[in-house]
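Asks: only geometry, no sequence info:
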Ligand SMILES: [Zn+2]
């Protein structure tokens with residue numbers, strides 16, 4: 001709804017302003033970590049509390065032009081079940097979760113992750129249908145068997161964004177290899193280079209690595225860097241469930257792990273603090289570039305919010321200073337990534 005409204009405002013009220021800005025446009029995009037609409041969150045949605053997980057976050061999400069997240073749960077009707085009765089690592093949200101995302105300002109999700117086959121093909125197909133019906137784009141899975149997974153492309157203010165999504169692995173065995181984009185270095189490099197020719201900004205989403213560790217291990221690091229080297233402007237990592245550092249490679253920025261967003265894991269300190277990356281992209285003439293990246297601390301959980309304690313901010317600052325190879329500077333209660341050329 002925000003897009004329709006804003007374009008009408010431009011057309012009706014600010015036509016002259018829009019004309020004057022034709023050779024320069026800006027988009028603000030928010031990248032979020034893991035969003036799990038299963039378990040307790042799924043039960044709240046099933047009871048009709050559709051906006052439950054984003055009640056504290058959605059105002060800020062609605063205020064930017066484009067929002068991405070990793071959707072860690074399938075969205076499928078399992079007769080009221082949102083977690084397997086005997087295995088808490090199998091979970092799903094209800095199909096109505098797609099409306100939760102759409103009405104909370106989310107525009108696109110990655111569906112390539114280790115939970116992408118928790119409820120099999122029924123879950124995979126219903127997830128895609130529900131997202132399509134709610135107007136939420138997706139990258140990383142396909143209902144039809146494919147060899148190359150189609151990217152999602154979204155334009156805002158004349159800037160074209162392309163999203164690709166990969167997962168390092170899938171928990172449940174099955175005949176899903178043509179339906180879930182598991183990372184393959186040659187294929188991913190091809191995907192990025194091809195997409196690069198058709199959009200202004202390429203975002204590559206990567207779900208993998210070891211959980212709860214401070215830094216990515218060598219295989220994950222190699223894959224994240226390969227996506228950057230292939231030409232992704234931003235490589236966004238998730239799955240470790242904890243925030244990790246930032247690396248610059250040429251003009252590409254790698255966000256190792258954004259940690260949790262909607263994900264309730266009170267058993268560890270860092271699983272309750274995530275990052276939301278606010279990326280400002282500017283286009284002048286034929287040249288488009290990332291102007292600014294701000295990392296907003298997130299109080300992750302069932303209903304994530306934007307306020308973390310002063311002590312947690314200090315801890316996050318120390319974590320960045322000790323782990324990131326690229327400069328991340330604290331600026332009051334946010335962190336600023338150095339993207340200067
Ligand atoms: Zn995961």
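Replies: Cool, the structure landed. Keep in mind it's a predicted model, so treat the numbers as computed, not measured.
Asks: what residues does the stretch 51-200 of the chain put near the ion?
Replies: 113, 114 (C-beta under 5 Å from the ion). Where C-beta positions appear, they are placed from N, C-alpha and C, glycine not excepted.
Asks: quick one: low-confidence ranges for the stretch 51-200 of the chain?
Replies: Within the stretch 51-200 of the chain, the set of residues satisfying pLDDT under 70 is empty.
Asks: now do the helices in it.
Replies: Assignment of helices within the stretch 51-200 of the chain using DSSP state H, counting those that start in this stretch yields the ranges 58-62, 97-103, 120-134, 185-196.
Asks: is it true that residue 278 touches residue 296?
Replies: Yes - in terms of C-beta atoms under 8 Å, residue 278 counts as a neighbour of residue 296; the distance is 6.2 Å.
Asks: quick one: contacts for the residue of the stretch 151-300 of the chain at minimum distance from the ion?
Replies: Using C-beta to the ion, residue 239 is the residue of the stretch 151-300 of the chain that sits closest to the ion, at 3.9 Å. When contacts are counted by C-beta atoms under 8 Å, 6 or more residues apart in numbering, residue 239 is found next to 34, 70, 113, 114, 167, 168, 207, 208, 209, 211, 257.
Asks: out of those residues, name the ones that lie in strands.
Replies: Secondary structure from DSSP state E places 34, 70, 167, 207 of the contacts of residue 239 in strands.
Asks: mind listing the residues bridging to the third one?
Replies: The residues paired with residue 167 through beta bridges, assigned by DSSP bridges, are residue 182, residue 207.
Asks: just checking, it touches residue 111?
Replies: No - in this structure residue 167 lies outside contact range of residue 111 using C-beta under 8 Å: 9.1 Å.
Asks: overlap in contacts of those two?
Replies: Common contacts of residue 167 and residue 111 (C-beta under 8 Å, 6+ apart): 140, 180.
Asks: now residue 288: which helix or strand?
Replies: Secondary structure assigned from DSSP states H and E places residue 288 in strand 287-299.
Asks: could you point out which element follows that strand?
Replies: Next element after strand 287-299 (DSSP H and E): helix 310-323.
Asks: for that following helix, list every residue counted as buried.
Replies: Neighbour counts over helix 310-323 (16 or more other C-beta atoms under 10 Å) mark 312, 313, 316, 319, 320, 323 as buried.
Asks: nearest to residue 249, of the residues you listed?
Replies: Distances from the buried residues of helix 310-323 to residue 249 were compared by C-beta to C-beta; the smallest belongs to residue 323, at 16.6 Å.
Asks: wait, residue 117 touches residue 171, no?
Replies: Yes - with contact taken as C-beta under 8 Å, residue 117 and residue 171 are classed as touching, separated by 7.2 Å.
Asks: between those two, which one's more packed in?
Replies: Neighbours per residue, other C-beta atoms under 10 Å: of residue 117 and residue 171, the larger number sits with residue 117, 22 against 14.
Asks: for the residue nearest to the more buried one when sequence neighbours are not counted, list the residues it contacts.
Replies: Of all residues beyond its chain neighbours, the one nearest residue 117 is residue 172 (4.4 Å), with distances taken as C-beta to C-beta, 6 or more residues apart in numbering. With contact taken as C-beta under 8 Å, 6+ apart, residue 172 is in contact with 90, 117, 118, 120.
Asks: please pick the buried ones from these.
Replies: When burial is judged by neighbour count using 16+ other C-beta under 10 Å, the buried members of these are 90, 117, 118.
Asks: any idea how far the last one lies from the ion?
Replies: Right, residue 118. Residue 118 is 11 Å from the ion, where distance means C-beta to the ion, to the nearest Å.
Asks: check the second one too.
Replies: From residue 117 across to the ion, the span is 12 Å (C-beta to the ion).
Asks: out of the helices of the stretch 51-200 of the chain, which comes closest to residue 336?
Replies: Evaluated over the helices of the stretch 51-200 of the chain, closeness to residue 336 peaks at helix 58-62, with 17.1 Å, by C-beta to C-beta.
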